[in-house]
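1. What shape does this take:
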Amino acid sequence: MNPAYSSAGFFLALLLMCIKIRILTVLSLLLPSILFAEERFCYRVYLKDKGSSVYSLDHPENFLSKEAIERRLRQGLAVSISDLPIAQAYLDTLTAYDCDLILKSKWFSTVVVSTSDSSLLKTLSLVSFVDSVKLVWKGDDNIFIPLEEEVERLKSKEEPKHSLYGYAEKQIQMLNGIKLHQKGFKGEGMRVAIIDAGFKNVDRIAAFDSLRLLGTHNVISPHQSVFVGDNHGTKVLSCLAANEPGIMVGTAPSASYWLIKSEDTYSEYPIEEDFWTAAIEFADSVGVSVVSSSLGYYSFDDKTLDYNKNQLDGKTSFITRAAQVAASKGLVIFCSAGNEGASGWRKITFPADASDVLTVGAITDHKKRSEFSSIGFTVDERVKPDLVALGSGCCVIDSDGDIHYVSGTSFATPILAGLSICLWQAFPFFTNKELIEFIRHSGSMYDHPNAEIGYGIPNIYKAYKQRRKYEKSK
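-> I've put the predicted structure just below:
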């Protein structure tokens, strides 16, 4: 045997073995995360009614928090039938079929079920208390094992600036919000919900050490932490609640927060609307007053389920109607306009077309519309977006704990939402609709709005001064 050939053969075999070990190592990391994949279908079941409930409008404390009831009372809003939960008997009847209960909406009397049986749509349609059934999702049902949470603390590597607001000063100053903070209004006592895709590492990041966290809720995977996975909500939250002087201070650092995950980042189907509806119903029930949501929809993986522009009327899409109901409960909802301004769609996304939400577009540091920022008006010619804030080159804290610069209406929205929270703190007697109109009125183009930036750039401190002057003159 040729020794040289024998040696080459050995090293070739060794190389192949190393490659095989590498492949197996990668697979060993991936395979435990997915236990099985099975084609499944999710159906939204519309009920004719809620059934016989054990709950009563005379005792709302049995299904709403004290804070949720107080918010309604402050604004002269009654607890209504829409607040009553769906009867358990109905839920038990539906799940007796070959399906699992995924979500339910008391506001719309709907239930979302999951099944591997595609014929169940027809079967459920025949149930006596069912009005209709709609497919809202289909695909492989992957069961993921949550990643182990790390414990290392994450802190910005940037040098602190002399300014209290650090690298975020520009985006707050653009709305003239710093002076409002200097008056002592930083969101103290205000209850806020952020509905987003995930809040990776918020529990590990130094800029959130002083975060006043009321709780978390994962609509997608109820038993999984919101602090793993997607980091979009981390960046959004930092615009509001970051509090690391010299590095970044957000627009409402003293407010109290619920962090709610509602976005499925693995697919895009109408079930996203059900997730969002469940999220905002939860936010209402735990008594928040303000919701900041940087999510929007119009196109899905199954193109037959897409919306069209003629449906931007504030009353057609499921998610828009949910936003409108939430507003009727006294919530102030800040909603991103969308990033479709340079796409074929161009228009705002759903639920940004809802009448009683404040829809936020994006501008550059030159105070021009960001090219990507979705435009209005709605099909019924209402002004949308309502207002704009910096959305190009926004300062955020990312999931690595450091400063990053990002663009999107996703970040313009919480920047404005936070200062509006502080404004509501200053004038707690406002109803939600009064607050929204008050903020709109502060816009730089209130007298001549357009489809690109709506009522323009709000001047938060000027609005505060004018209202204070009015209050003193009364």
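
2. longest strand of this structure?
-> strand 130-140 (DSSP state E).

3. how far is that one from where the chain is centred?
-> Distance of strand 130-140 from the chain centroid (Cα atoms, centre = their mean, to the nearest Å) equals 23 Å.

4. So that it lines up with my notes, have the first residue be 51 from now on.
-> Sounds good: first residue 51 from here, last item strand 180-190.

5. and stretch 324-340, how far out from the chain's middle?
-> 10 Å.

6. For the spatially most central residue of the chain, pull up the helix or strand it's in.
-> Centrality entry for the chain: nearest residue to the mean C-alpha point is Ile245, 2.7 Å, by Cα atoms, centre = their mean. For Ile245, the host element (DSSP states H and E) is strand 241-246.

7. Give me the helices and strands touching that strand, please.
-> With contacts defined as 3 or more Cβ pairs under 8 Å, 6 or more residues apart in numbering; DSSP states H and E, the packing partners of strand 241-246 are helix 282-291, strand 306-311, helix 321-335, strand 340-343, helix 459-476. (Each C-beta comes from the backbone N, C-alpha and C, glycine too.)

8. Which stretch among those approaches Glu484 most closely?
-> Nearest of these to Glu484, taken as Cβ to Cβ: helix 459-476 at 9.7 Å.

9. Report the inter-axis angle for the closest one versus helix 282-291.
-> For helix 459-476 against helix 282-291, the angle by axes from the mean of the first three to the mean of the last three Cα atoms, to 10 degrees is 40 degrees.

10. Contacts for whichever helix or strand comes after helix 459-476, please.
-> Downstream of helix 459-476, the next assigned helix or strand under DSSP H and E is helix 482-491. Identification of contacts with helix 482-491 by Cβ atoms under 8 Å, 6 or more residues apart in numbering yields 125, 339, 377, 380-382, 406-408, 436-437, 466, 470, 473-474, 477, 480, 496, 505, 508, 510, 513, 517.

11. quick revisit: run me through the strand neighbours of the strand holding Ile245, direction for each.
-> strand 306-311 (parallel), strand 340-343 (parallel) (DSSP bridges).

12. follow-up on the earlier one: what pairs with the residue nearest to the centre of the chain across the strands?
-> Ile245 forms beta bridges with Ile310, Ser343, as assigned by DSSP bridges.

13. Contacts only, for it.
-> Shown in contact with Ile245 (Cβ under 8 Å, 6+ apart): 310, 312, 326, 329-330, 333, 341-343, 345.

14. need those residues in TSV with neighbour count and pLDDT, can you?
-> TSV is the format used below for the contacts of Ile245 (neighbours: other Cβ atoms under 10 Å; pLDDT from 0 to 100):
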residue	neighbour count	pLDDT
Ile310	28	98
Ser312	26	98
Trp326	25	98
Ala329	28	98
Ile330	30	98
Ala333	28	98
Val341	25	98
Ser342	32	98
Ser343	31	98
Leu345	27	98
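
15. With respect to Thr160, which of these is nearest?
-> Trp326 (12.9 Å).

16. State the mean pLDDT of stretch 151-165.
-> For stretch 151-165, mean pLDDT rounds to 97.

17. Distance from the chain centre to it, please.
-> Centroid separation between stretch 151-165 and its chain, computed with Cα atoms, centre = their mean, is 19 Å.

18. So for that stretch, first residue to last residue, what's the gap.
-> With Cα to Cα, to the nearest Å as the measure, the ends of stretch 151-165 fall 9 Å from one another.

19. which parts of that stretch are buried?
-> In terms of neighbour count (16 or more other Cβ atoms under 10 Å), stretch 151-165 has its buried residues at 152-165.

20. Contacts for it next, please.
-> 90-100, 132-136, 140-141, 144-145, 147-150, 170, 174, 186, 191, 269, 321, 324-325, 327-328, 331, 368, 371-372, 375.

21. Report the two of the buried residues of stretch 151-165 separated the most.
-> Within the buried residues of stretch 151-165, Trp157 and Thr165 form the most distant pair, 23.9 Å apart (Cβ to Cβ).

22. Would you enumerate the residues in contact with Val252?
-> Contact analysis of Val252 by Cβ under 8 Å, 6+ apart lists 258, 261, 276-277, 283-284, 287, 309.

23. Would you map the helices across the stretch 151-300 of the chain?
-> Listed in chain order, the helices of the stretch 151-300 of the chain (DSSP state H, counting those that start in this stretch) span 170-175, 219-223, 228-232, 282-291.

24. Next one: Leu261, what pLDDT does it get?
-> Looking at Leu261, its pLDDT stands at 98.

25. Equivalent analysis for Glu202, please.
-> Looking at Glu202, its pLDDT reads 89.

26. The nearest residue to it once chain neighbours are set aside: neighbouring residues, count only.
-> Nearest non-adjacent residue to Glu202, counting by Cβ to Cβ, 6 or more residues apart in numbering: Arg254, 6.7 Å away. Residues lying near Arg254 (other Cβ atoms under 10 Å) number 19.

27. Can you verify my assumption that Arg254 contacts Val201?
-> Yes. The pair Arg254 / Val201 is scored as a contact, 7.2 Å apart, by Cβ atoms under 8 Å.

28. what about the stretch 101-250 of the chain, any weak spots by pLDDT?
-> Residue ranges of the stretch 101-250 of the chain with pLDDT under 70: 191-200.

29. Quickly note the distance from Arg254 to Phe277.
-> 8 Å (Cβ to Cβ, to the nearest Å).

30. nope, Ser424 is what I was after
-> Distance from Ser424 to Phe277, by Cβ to Cβ: 30 Å.

31. between the two, which one's more packed in?
-> Using other Cβ under 10 Å as the criterion, Ser424 and Phe277 rank with Ser424 on top: 30 against 22.

32. got a list of what the closest residue to that one other than its chain neighbours touches?
-> Distance criterion Cβ to Cβ, 6+ apart; nearest residue to Ser424, sequence neighbours excluded, is Gly388 at 3.6 Å. Contacts for Gly388 (Cβ under 8 Å, 6+ apart) come out as 346, 348, 397-399, 402, 423-424, 459.

33. Which strand or helix spans Gly388?
-> Per DSSP H and E: Gly388 is located in neither a helix nor a strand.

34. Quick check: phi and psi at it.
-> Dihedral pair for Gly388: phi 110, psi 160, per degrees, to the nearest 10.

35. again with Tyr93
-> Note on Tyr93: backbone dihedrals following degrees, to the nearest 10 are phi -120, psi 140.

36. Just list the residues touching the closest residue to it other than its chain neighbours, thanks.
-> Nearest non-adjacent residue to Tyr93, counting by Cβ to Cβ, 6+ apart: Val183, 5.1 Å away. Counting by Cβ under 8 Å, 6+ apart, Val183 makes contact with 93-96, 171, 174-175.

37. How about Lys98?
-> The contact partners of Lys98, taken as Cβ under 8 Å, 6+ apart, are 159, 179-181.

38. With Ser349 instead?
-> By Cβ under 8 Å, 6+ apart, the contact list for Ser349 reads 318, 356-357, 395.

39. Pipe the contacts of Val252 into JSON lines and attach distance to Ser492 per row.
-> Converted to JSON lines, the contacts of Val252 look like this (distance: Cβ to Cβ, whole Å):
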{"residue": "Phe258", "distance to Ser492": "29"}
{"residue": "Leu261", "distance to Ser492": "28"}
{"residue": "Val276", "distance to Ser492": "33"}
{"residue": "Phe277", "distance to Ser492": "36"}
{"residue": "Gly283", "distance to Ser492": "28"}
{"residue": "Thr284", "distance to Ser492": "29"}
{"residue": "Leu287", "distance to Ser492": "25"}
{"residue": "Leu309", "distance to Ser492": "29"}
